[in-house]
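Asks: Fold the following, please.
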Amino acid sequence: VEMKQRPGTPVYNLRAYLPVAESVGFDAALRLESGGQAFPQCMFDHWRLVDGDPLVQGYVRDRLIAEIRRRKGLNVNIPPLH
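Replies: Model (predicted):
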């Protein structure tokens, strides 16, 4: 995370890492919370593996998979492998 003020202006540049799954709706939420004064510019930076064993439930990964499956109209419960 990094925050720098542009010299001679009241403008700040903020650099942060935001997971793609949490970036949906970020633009609208930021503008709403800042009264339309903040404007994001998002760009891809790096990949990172999601932690956890894919065969064990209870990780953040499970929530992400459930949201993706719901959005695609699939059953939220993943079918067994056997």
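Asks: what's the helix or strand of the chain with the lowest mean pLDDT packed up against?
Replies: Counting by mean pLDDT, DSSP states H and E, the weakest-scoring helix or strand in the chain turns out to be helix 20-23, with a mean of 80. Counting contacts by 3 or more Cβ pairs under 8 Å, 6 or more residues apart in numbering; DSSP states H and E, there are no secondary-structure elements packed against helix 20-23. C-beta coordinates here come from the backbone N, C-alpha and C atoms, glycine included.
Asks: Tell me the gap between the helix or strand following it and the middle of its chain.
Replies: Downstream of helix 20-23, the next assigned helix or strand under DSSP states H and E is helix 26-33. When distances are taken as Cα atoms, centre = their mean, to the nearest Å, helix 26-33 is centred 13 Å away from the chain's centroid.
Asks: what pLDDT, on average, does helix 26-33 get?
Replies: For helix 26-33, the per-residue pLDDT values average out at 91.
Asks: From Ala29, how far out is the spatially most central residue of the chain?
Replies: For the chain, the residue nearest the mean C-alpha position is Glu22 (2.2 Å; Cα atoms, centre = their mean). From Glu22 over to Ala29 the distance is 10 Å, taken as Cβ to Cβ, to the nearest Å.
Asks: Report the residue spans of the chain with pLDDT below the cut-off.
Replies: For the chain, applying pLDDT under 70 flags the ranges 54.
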